[in-house]
Each structure stands twice: as structure tokens, then as C-alpha cells.
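[1] no sequence for this one, just the structure:
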């Protein structure tokens with residue numbers, strides 16, 4: 001079913017389902033891009049990224065080495081695949097040095113603007129996701 005085929009009395013629910021799909025795609029893509037672009041020394045920074053639904057609280061990974069760990073979508077009050085419009089999603093890292101790595105070019109392993117480049121990429125991807133999802137049937 002596409003938007004043109006939706007009965008008028010079902011348009012609200014159909015639109016909400018589609019917008020939830022857009023939200024899901026944007027949150028999970030942004031989370032993956034941030035983790036992939038993160039500078040890695042011990043791997044702790046990359047595995048400490050979390051998604052919070054209406055919260056940016058969470059405990060970072062303990063000190064140690066995380067050489068082969070592939071970060072997955074996680075959060076203290078978040079379950080991947082449940083993203084809905086109306087909630088706010090925070091992709092955050094609560095390590096004490098996270099801000100320096102993201103905004104102050106503290107790592108010599110990454111471009112100093114890596115975090116802003118991810119944000120810019122998401123600004124370009126989000127409308128594409130919406131266009132693709134609204135053109136695709138449920």
C-alpha cells in the first residue's frame with residue numbers, strides 16, 4: 001500500500017507508521033556512523049556510545065582494551081527497533097574525554113572534524129531515508 005491508496009480515515013495512522021520507520025532508520029544509521037568514525041586506541045570510546053530514549057544517561061564501558069568488539073546499538077532505556085516519533089533520541093558517550101575527542105580534535109587518529117562530518121552526513125541522509133520510506137509500501 002502506498003500513500004495514494006490509503007483511505008482518508010487511515011492516513012493519520014499510516015503516516016505515523018511511516019514516520020516511525022524514518023525515525024528508526026535515522027537513529028540506527030547515525031549510531032552506526034558515529035561508532036564507525038570514532039577514533040580507536042583501546043576501543044573503549046567506540047563501545048561506550050549509547051542511544052538514550054528521552055535521556056542521555058548511561059554508564060560508559062569499563063577501562064580496558066576492546067580490540068575486536070563491534071559496538072552494537074545499546075542504551076540504558078532503549079531497545080533497538082522501537083524508535084517512535086515524539087521521543088527524543090540521544091546518541092551519547094559519557095566518557096570524561098568524549099567531548100575532547102568529538103569537538104576539540106584531541107585524537108591524532110582522526111580528522112579533527114570527524115564528528116561534525118558525521119552530523120553533516122546525517123543531515124543529507126535523513127531526507128533521503130524519508131523519501132525512500134514514504135515511497136515504499138509497509
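    Okay, I see it. Everything numeric in this text was worked out from a predicted model, so none of it was measured.
[2] Please, where are all the helices along this protein?
    The residue ranges that make up the helices of the chain, judged by DSSP state H, are 11-37, 44-47, 98-103, 114-135.
[3] for the ones you listed, which one ends up most surrounded?
    Mean neighbour count (mean count of other C-beta atoms under 10 Å) peaks for helix 44-47 among these, with a mean of 21. (C-beta placed from N, C-alpha, C; glycine too.)
[4] got CSV for the helices of the chain, with distance to residue 85 too?
    Formatted as CSV, the helices of the chain follow (distance: least, C-beta to C-beta, whole Å):
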stretch, distance to residue 85
helix 11-37, 4
helix 44-47, 29
helix 98-103, 26
helix 114-135, 11
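[5] nearest to residue 90, of the ones you listed?
    helix 11-37 (9.8 Å; C-beta to C-beta).
[6] one step back: tabulate the helices of the chain in JSON lines, adding columns for distance to residue 74 and mean pLDDT.
    Putting these into JSON lines (distance: least, C-beta to C-beta, whole Å; pLDDT from 0 to 100) gives the following:
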{"stretch": "helix 11-37", "distance to residue 74": "9", "mean pLDDT": "92"}
{"stretch": "helix 44-47", "distance to residue 74": "9", "mean pLDDT": "91"}
{"stretch": "helix 98-103", "distance to residue 74": "16", "mean pLDDT": "92"}
{"stretch": "helix 114-135", "distance to residue 74": "18", "mean pLDDT": "92"}
